[in-house]
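Trainee: okay, here's the prediction I keep looking at, along with the sequence it came from:
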Amino acid sequence: QVQLVESGGGLVQAGGSLRLSCAASGRTFSSYAMGWFRQAPGKEREFVAAINRSGSNTPYADSVKGRFTISRDNAKNTVYLQMNSLKPEDTAVYYCAAGSRGAAVLSSLYAYWGQGTQVTVSS
């Protein structure tokens, strides 16, 4: 069982930056791949970025490639999402997830989810 708690969301102007954190409970964090997903009002949840257990594989959605960076600190049981050059279309609730199927882009391959943190980008 893994419990995930996101933090770091907020209101930022377009072009600004935010860093999201996701703290995991338990002693097996390093055995899970981690993912970030987001859901905007009226839209389906979509993949943002993922990272495998070692951090050697980090796929990104095309819409955030070059602007967002996912990383993890296994000693701190935490995964991060650094978001730069934010755009109004990045506005969404951001969720982190843990799974055992590698750095997957499909939400169905993640077993554990956090409650989400709101990111709002003003124009």
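Mentor: Arrived safely, thanks for sending. Numbers count the residues shown, from 1 in each chain.
Trainee: next up, the contacts around the residue nearest the centre of the chain.
Mentor: Nearest to the geometric centre of the chain sits Trp36, at 2.4 Å (C-alpha atoms, centre = their mean). For Trp36, the contacting residues are Leu20, Cys22, Val48, Ala49, Ala50, Ile70, Val79, Leu81, Tyr94, Tyr95, Cys96, Ala97, by C-beta atoms under 8 Å, 6 or more residues apart in numbering. In this view, the C-beta of every residue, glycine as well, is placed from N, C-alpha and C.
Trainee: ok, now how distant is the fourth one from Asn84?
Mentor: Yep, that's Ala49 we're talking about. 13 Å (C-beta to C-beta, to the nearest Å).
Trainee: which of the two has more neighbours?
Mentor: Taking other C-beta atoms under 10 Å, Ala49 and Asn84 do not tie; Ala49 has more neighbours (26 against 14).
Trainee: name the helix or strand for the more buried one, please.
Mentor: strand 46-51 (DSSP states H and E).
Trainee: so which elements touch that strand?
Mentor: Judged by 3 or more C-beta pairs under 8 Å, 6 or more residues apart in numbering; DSSP states H and E, strand 46-51 is in contact with strand 33-39, strand 68-73, strand 78-83.
Trainee: mind putting these into TSV with mean pLDDT and distance to Gly102?
Mentor: Shown next, in TSV, are these (pLDDT from 0 to 100; distance: least, C-beta to C-beta, whole Å):
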stretch	mean pLDDT	distance to Gly102
strand 33-39	98	5
strand 68-73	98	14
strand 78-83	98	15
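Trainee: including distance to Val12, could these go into JSON lines?
Mentor: Formatted as JSON lines, these follow (distance: least, C-beta to C-beta, whole Å):
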{"stretch": "strand 33-39", "distance to Val12": "15"}
{"stretch": "strand 68-73", "distance to Val12": "14"}
{"stretch": "strand 78-83", "distance to Val12": "9"}
